[in-house]
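Chemist: Sequence plus the predicted model coming up.
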Amino acid sequence: MAKTLITGGAGFIGSHLIHLLVNKYPGEQFVNLDALTYAGNPENLKAIEDAPNYRFVKGDITDFAFLEQLFAEHQFTGVIHLAAESHVDRSIANPMAFIMTNVVGTVNLLNAAKNSWQSDYSGKRFYHVSTDEVYGSLGAEGLFTEETAYDPRSPYSASKASSDHFVRAWQHTYGLPVVISNCSNNYGPYQFPEKLLPLMINNIRHEKPLPVYGDGSNVRDWLWVEDHAAAIDLIFREGREGETYNIGGNNECSNLGLVHQLCDVVDDLLGRAPGSSRKLITFVKDRPGHDQRYAIDASKIKAELGWEPTIGVEEGLQRTAKWYLNNTEWLERVTSGAYREYYAQQYQ
């Protein structure tokens, strides 16, 4: 029976992926390994936590002895590695935490898989989920392709670039069967509210200032999280071994433009006067080394695997705002830290 380890499955992208896989493949087993740091929330998985093909394990990928024991116990046939420190501001304040989780943790997983599989790689796969930030910053023209040279600009993107290189090195040196994907900015339900969209929605609710870095001209490509989960599933099963796939939403937008759209959506949902929340926008000192523009060329995954995004940013913003406004209890529990009590009640 196929048995897949998913790291970081209590996080934003990971929880969406687990919902998809557990429901779509009842004949396979899925083990969710998460350290439950600030962004890991087991409440995100309430709907499937009692599924017979799902198991949650609390643990840290920086603990190699623990990983070896876990692989020995479960005999995984696959790994989908999402566990990562991912917030750029936090990486600037504490880069060592990112090096430990994103670099050391990834190498630990590579070694645990290599030792467990012992060169019997038939039916095995190690899938590393990465970011478009490893490519650096674009000017007004051009797109990131899978051949774009790496040029990371923040401790976060440098740590992810390093982990990408280690994954490729383990393939070339040890023959480990790997695939990598680099995605653009994800958005949707269950995202930790330090990220742009849930932060803005929560502040609009409470009529608090909406902080926008610099002049808000920085451009990002926005990817609906469920589209990303579908792409991960497809790459894990059908992607070519040793290949990299860029996953983008085809939704380029400046940060300020996105916040303007979001203000209008939330104002409409809350029955407020059009444009009223735009007055809350406050420009703040720019982030150090803030990349100007990211944009993904996702033609390779479309040509090879038939994947393309299904949700545009207008529909995505509507869905996102509605979810957070309809789940204010979840939002309040996350912002207060009370969500941590759920793990203690459910698992300890």
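Modeler: That came in fine, so what should we check first?
Chemist: Flag every buried residue along the longest helix along the chain.
Modeler: Scanning the chain for the helix with the most residues, using DSSP state H, yields helix 155-174. Within helix 155-174, the residues that qualify as buried are 155-164, 166-168, 170-171, counting by 16 or more other Cβ atoms under 10 Å. Any C-beta I mention is one placed from the backbone N, CA and C, and that applies to glycine too.
Chemist: show me where the stretch 1-150 of the chain has strands.
Modeler: For the stretch 1-150 of the chain, the strands defined by DSSP state E, counting those that start in this stretch cover 3-7, 29-34, 54-58, 78-81, 125-131.
Chemist: Adding distance to Ser336 and mean neighbour count, write those out as JSON lines.
Modeler: Formatted as JSON lines, these follow (distance: least, Cβ to Cβ, whole Å; neighbours: other Cβ atoms under 10 Å):
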{"stretch": "strand 3-7", "distance to Ser336": "26", "mean neighbour count": "23"}
{"stretch": "strand 29-34", "distance to Ser336": "20", "mean neighbour count": "24"}
{"stretch": "strand 54-58", "distance to Ser336": "21", "mean neighbour count": "17"}
{"stretch": "strand 78-81", "distance to Ser336": "30", "mean neighbour count": "24"}
{"stretch": "strand 125-131", "distance to Ser336": "29", "mean neighbour count": "24"}
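Chemist: Tabulate those strands in TSV, adding columns for mean pLDDT and distance to Glu329.
Modeler: TSV is the format used below for those (pLDDT from 0 to 100; distance: least, Cβ to Cβ, whole Å):
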stretch	mean pLDDT	distance to Glu329
strand 3-7	98	26
strand 29-34	98	22
strand 54-58	97	22
strand 78-81	98	30
strand 125-131	98	29
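Chemist: would you list these in a markdown table and tack on distance to Lys322?
Modeler: Listed next are those as a markdown table, based on distance: least, Cβ to Cβ, whole Å:
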| stretch | distance to Lys322 |
| --- | --- |
| strand 3-7 | 27 |
| strand 29-34 | 27 |
| strand 54-58 | 27 |
| strand 78-81 | 29 |
| strand 125-131 | 27 |
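Chemist: so which of those strands comes closest to Arg220?
Modeler: Closest to Arg220 of the strands of the stretch 1-150 of the chain, according to Cβ to Cβ: strand 125-131, at 11.4 Å.
Chemist: Pairing partners for that closest one, with directions?
Modeler: The pairing partners recorded for strand 125-131 under DSSP bridges are strand 78-81 (parallel), strand 178-183 (parallel).
Chemist: Please name whichever of these is nearest to Ala298.
Modeler: Of the strands paired with strand 125-131, nearest to Ala298 by Cβ to Cβ is strand 178-183, at 9.4 Å.
Chemist: Show me the contact partners of the closest one.
Modeler: By Cβ atoms under 8 Å, 6 or more residues apart in numbering, the residues outside strand 178-183 that reach it are 125-132, 134-135, 144, 146, 164, 167-168, 170-171, 223, 228, 231-232, 235-236, 239-248, 296.
Chemist: which SSE is the closest residue to Arg278 other than its chain neighbours in?
Modeler: Distances taken as Cβ to Cβ, 6 or more residues apart in numbering put Cys263 closest to Arg278, at 4.8 Å, once the chain neighbours are dropped. Per DSSP states H and E, Cys263 falls inside helix 255-270.
Chemist: model confidence over the helix or strand following that helix, on average?
Modeler: Remark: after helix 255-270, the chain's next helix or strand is strand 281-284, criterion DSSP H and E. Per-residue pLDDT over strand 281-284 has a mean of 94.
Chemist: partner strands of strand 281-284, parallel or antiparallel?
Modeler: Here strand 281-284 has these sheet partners by DSSP bridges: strand 210-213 (parallel).
Chemist: got the contact list for the strand it pairs with?
Modeler: Strand 210-213 is contacted from outside by 200, 203-204, 255-256, 259, 263, 277, 280-287, 290, using Cβ under 8 Å, 6+ apart.
Chemist: tell me which residues in that strand are buried?
Modeler: Of the residues in strand 210-213, Leu210, Pro211, Val212, Tyr213 count as buried by neighbour count, 16+ other Cβ under 10 Å.
Chemist: Just give me the closest of the residues you listed to Thr4.
Modeler: Tyr213 (37.4 Å).
Chemist: Need the pLDDT of the closest one.
Modeler: In this model, Tyr213 carries a pLDDT of 92.
Chemist: swap in Ala65?
Modeler: 98.
Chemist: And it, how far from Val313?
Modeler: 45 Å (Cβ to Cβ, to the nearest Å).
Chemist: same check, this time on Leu82
Modeler: Counting by Cβ to Cβ, the separation of Leu82 from Val313 is 23 Å.
Chemist: again, but for Arg55
Modeler: Applying Cβ to Cβ, the value for Arg55 to Val313 is 36 Å.
Chemist: mind showing which ranges of the stretch 101-250 of the chain have poor pLDDT?
Modeler: For the stretch 101-250 of the chain, no stretch is flagged by pLDDT under 70.
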